[in-house]
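Q: just coords:
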């Protein structure tokens, strides 16, 4: 009986010692072997890992920021420029303080920039500046040749820097042509003749139907030309390029 009481007192003492102190210091912190409480800093890290982002104040230097998940605008060393007010989603990972990866996504367009810092000793061996990989969003699909056809897009073309069009050159070949987005866009392609000397030349022109900041949801086929070349130019009235797909590029 006496041993049992002494054991119980010892257990109570151990529990009390784990809760000595007051306020935030009154409980033990959880680790990989013991249950317990988490600190305010650990709480923030946990929710960052779950996808919650911490706001960065304006003029915060991205390249001087600790690893984590952030959002903000008008930041120093931003890939979109210090005066661009776009909301940015920022992910920073590192293997050490000298091997760091930055990923910045423009919230409005989804365009993503990358930057790696890899240092050996005091020398920076990583590529300088921001890079980006193009993303293609399908705005329209079909099969159109006739001029003056209106093409309804699933999104506003003004969100995109470039436009890629897939054309069939009437010879069973599909060709993708990219050009900067503008009020009027020209797409050219050629098809060489294999059986004899000559080639066919195709030109498709697409115009934004209502060229304003909020009117970029329709394109119109302004023209669709086709010519053949042997010893002279000949109008090809039968084989026009088929417009198969239109993509916005970010």
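A: That came in fine, so what should we check first? A quick note: this is a predicted structure, and the numbers were derived from the prediction, not measured.

Q: Got phi/psi on residue 63?
A: phi -70, psi -10 (degrees, to the nearest 10).

Q: do the same with residue 157
A: phi -70, psi -20.

Q: Also the one 5 residues further on?
A: With angles defined as degrees, to the nearest 10, residue 162 shows backbone torsions of phi -130, psi 160.

Q: do you know how far it is from residue 111?
A: In this view, residue 162 and residue 111 are 11 Å apart by C-beta to C-beta, to the nearest Å. Glycine gets a C-beta too; all of them are placed from N, C-alpha and C.

Q: try residue 174
A: 26 Å.

Q: This structure: helices as residue ranges?
A: Along the chain, the stretches classed as helices by DSSP state H are 2-17, 40-49.

Q: between those, which gets the lowest average pLDDT?
A: Ranked by mean pLDDT, the helices of the chain bottom out at helix 2-17, with a mean of 59.

Q: Just give me the longest strand of this protein.
A: strand 218-229 (DSSP state E).

Q: name the helices or strands packed onto that strand?
A: strand 150-152, strand 199-208, strand 233-235, strand 242-249 (3 or more C-beta pairs under 8 Å, 6 or more residues apart in numbering; DSSP states H and E).

Q: Partner strands of it and their direction?
A: strand 150-152 (antiparallel), strand 199-208 (antiparallel), strand 233-235 (antiparallel) (DSSP bridges).

Q: Just say which of the ones you listed is most tucked in.
A: strand 199-208 (a mean of 19; mean count of other C-beta atoms under 10 Å).

Q: picking up where we left off before, closest to residue 97 out of the helices and strands packed on strand 218-229?
A: With C-beta to C-beta, the closest approach to residue 97 among those belongs to strand 242-249: 35.6 Å.

Q: starting at the chain centroid, how far to the longest strand of the chain?
A: With C-alpha atoms, centre = their mean, to the nearest Å as the basis, strand 218-229 stands 32 Å off its chain's centre.

Q: In that strand, which residues are buried?
A: Buried residues in strand 218-229, defined by neighbour count with 16 or more other C-beta atoms under 10 Å: 218, 219, 220, 221, 222, 224, 226, 228, 229.

Q: same thing with stretch 65-85?
A: 65, 67, 68, 69, 70, 72, 73, 74, 75, 78, 79, 80.

Q: Please report how far the fourth one lies from residue 53.
A: From residue 69 across to residue 53, the span is 5 Å (C-beta to C-beta).

Q: do the fifth one as well
A: Summarising the geometry, the distance separating residue 70 from residue 53, computed by C-beta to C-beta, is 5 Å.

Q: Which neighbours do the two have in common?
A: 89, 90 (C-beta atoms under 8 Å, 6 or more residues apart in numbering).
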